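Engineer: Here is a sequence together with a model predicted from it:
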Amino acid sequence: MYKPFVDHLQQELFQKFDLQARTIPDGLDHKISDRGKSPSTIQSWAYHCPQLRKIRYTHMVAGETLEVFNCVMYPSHQYELPFMGMDFLSFGSVKNLIVMDFQPLFQDAAYIEKYISPLKALHEQYPDLSQDLEMKFYDANQYFSKYLLFAKVQPDAIPTRVFEAFQAYLDLYWKMLAEATPLTEPSDIDRVAKAQREYDQYSADRDPAHGLFSSHFGTDWANRFLFEFLFEEAKPLVLA
């Protein structure tokens, strides 16, 4: 169901940016496993360009029972823009969960007004994709905006409403990138770099997909995927 999402994202990226491949550690870009009832395949891509220091996305399929598409875009440290974050999970026809957001680096009022308020009008077009669901693993007030799209949907909504919202959120993000003014003060750039590192640590400590990846591809591989690819600036928790 999410292959058209992957294809659209790739087409947009290559049309709009001077992309360069970003190194993915050996063995993490692609893996096939036959641990479950159906073979599991996971494929990841990573790029960078002057505006975005890290663009990474992953597509996983396990027969008819599971499909995952995840993407996070990290702006270059010269831009204090939010992350573009997307997570789509389908467990057959039983459960389809979609998440899309401009994930703020900071929560002060001036930052929210400048970088998150432009999302309000677009968010209002998709009330059906903004459901009052509980966040089990994350604090909704940290690294999420109030214009988050977060919903459980029927399979037939994925190629229609969800794909339409996916395109619209991307279009607005491209516009914000094009209009962004680079930071020049080293202290401001350092503040963004620190916030992005903290995002990686926060996310790695709470990532609910780690267990899923472990069950399909083994714990060792899942640990490497978490800390060497998904959130490479995070450090594993050291147990005393």
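Structural biologist: Sure, I can see it.
Engineer: what helices or strands is the lowest-mean-pLDDT helix or strand in the chain leaning on?
Structural biologist: Least confident helix or strand of the chain, by mean pLDDT, DSSP states H and E, is helix 209-217 with a mean of 87. Here helix 209-217 touches strand 30-33, strand 40-48, strand 66-75, helix 219-224, going by 3 or more CB pairs under 8 Å, 6 or more residues apart in numbering; DSSP states H and E. C-beta coordinates here come from the backbone N, C-alpha and C atoms, glycine included.
Engineer: pretty sure residue 61 is touching residue 40, no?
Structural biologist: Yes: Residue 61 is within contact range of residue 40, at 7.3 Å (criterion: CB atoms under 8 Å).
Engineer: which residues does residue 96 contact?
Structural biologist: Contacts here follow CB atoms under 8 Å, 6 or more residues apart in numbering; on that basis residue 96 touches 88, 89, 90, 152, 153, 154, 155, 157, 158.
Engineer: how does it look with 10 Å?
Structural biologist: 1, 67, 88-90, 151-158, 162 (CB atoms under 10 Å, 6 or more residues apart in numbering).
Engineer: Among the residues you listed, find me the one that's closest to residue 22.
Structural biologist: Proximity of the contacts of residue 96 to residue 22 was ranked by CB to CB; the top entry is residue 88 with 21.9 Å.
Engineer: where does that closest one land in three-state SS?
Structural biologist: strand (DSSP: H, G, I helix; E, B strand; the rest coil).
Engineer: And for the one 10 residues further on?
Structural biologist: Here residue 98 is strand, with the state taken from three-state DSSP.
Engineer: Is it correct that it is in contact with residue 161?
Structural biologist: Yes: counting by CB atoms under 10 Å, residue 161 is a contact partner of residue 98 at 9.5 Å.
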